[in-house]
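Asker: How does the following fold in three dimensions:
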Amino acid sequence: SPLAEGAIVGTAVGYALSGGRAMVELMYADFIGCAGDEIFNQMAKWQSMSAGILKMPLVLRVSVGSKYGAQHSQDWTALCAHIPGLKVCFPATPWEAKGLMETALKGTDPVVFFESQRIYDVGEQFHEGGVPAERYEITIGDTNKVRDGKDVTILTIGATLYRAMDAAKTLSEKYGIEAEIINLHSLSPLDYTKILESVRKTGKVVLVSDACARGSFLNDVAQNITDLCFDYLDGPAVVVGAKNWITPPFEFDKYFFPQDTWILDAINEKLVPLPNYVSENGCTETEFLRRSKEGV
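Answerer: Presented below is the predicted three-dimensional model:
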């Protein structure tokens, strides 16, 4: 089809309303804005407005770009998770991707299916035996615990899972701190059962995604954790996200998007001081803006 995002989603909505089943793709999540009405009002609302008489078996794939700057590298999961009527998935492993897609394609609800271009070439590292050849389903709303730990919980969305694993390795090898890592492959709905069990065990939680920290979906999750686990927490629920600024050229990626060192900084500064810890980040938001403007 032509590069007309409104037409792509609008056609899929019409086909689904007519009894078909559709899966369509927007090349970048940034182009969600071009199909805003079709996604947020048409795709999300028709099933409910018809009291379930009309179905919306539509899966909208959108990729979160990497290396492509201001208009092609934004994580807009929060926009979609904010809209009632949409299910939102963001797998970070091949096992998650296959199982969630199977579930999405068998359902009658509209699903926005985010994918990170950063990890398209990353094989399965966590599910024993790799990705099963047979078909299987993963419940949309569930979570995926990929690492056991007892000292701090790290919740991830998208490609930050792998940076969290790097941080966990450093915490274990250098400081004897064992991090439990849970990947949120589903944003809406989201079952908090495993999340709360982990936080009540560790007493500390860091939440990480590539979305800008301001307005991040993880702020909602952090608030809910605080409300439900207040008596168990030894410190604040800490959200680590991208800088609250326009995505810069690829050369500034390590200053703009969360790195494993940012996770270590958050733990050291707000949860538990790490002995003899020296930050490797060296880039506050003010410093990032200065470097961006000066082209450093």
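Asker: which residues in the protein form helices?
Answerer: Using DSSP state H, the helices of the chain run over residues 5-17, 36-37, 44-49, 77-81, 94-106, 160-175, 193-202, 217-229, 253-256, 260-270, 285-294.
Asker: Of the ones you listed, which stretch is the most buried?
Answerer: The highest average neighbour count among the helices of the chain, using mean count of other Cβ atoms under 10 Å, belongs to helix 77-81 at a mean of 23. Backbone N, C-alpha and C define where each C-beta goes, glycine included.
Asker: which residues touch it?
Answerer: Outside helix 77-81, the residues that touch it by Cβ atoms under 8 Å, 6 or more residues apart in numbering are 29, 32, 39, 86, 88, 90, 112, 114, 157-158, 187-188, 209, 211, 215-217, 220.
Asker: give me the number of residues near Asp121?
Answerer: By the measure other Cβ atoms under 10 Å, the count of residues near Asp121 is 6.
Asker: Ser66 versus that one, what's the distance?
Answerer: Going from Asp121 to Ser66 by Cβ to Cβ, to the nearest Å gives 11 Å.
Asker: Only the buried subset of the contacts of helix 77-81, as a PyMOL command please.
Answerer: Here is the PyMOL selection string for the buried members of those, based on 16 or more other Cβ atoms under 10 Å:
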select buried, resi 29+32+39+86+88+90+112+114+157+158+187+188+209+211+216+217+220
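Asker: So which of the contacts of helix 77-81 sit within strands?
Answerer: Secondary structure from DSSP state E places 88, 112, 114, 187-188, 209, 211 of the contacts of helix 77-81 in strands.
Asker: Can you tell me which of these is closest to Met43?
Answerer: Checking those against Met43 with Cβ to Cβ, the nearest one is Val112 at 8.4 Å.
Asker: is the closest one in a bridge, and if so with what?
Answerer: Beta bridges link Val112 to Leu60, Val88 when assigned by DSSP bridges.
Asker: Check what pLDDT it gets.
Answerer: pLDDT for Val112: 98.
Asker: Surely it and Phe90 touch.
Answerer: No: taking contacts as Cβ atoms under 8 Å, Val112 lies outside contact range of Phe90: 9.0 Å.
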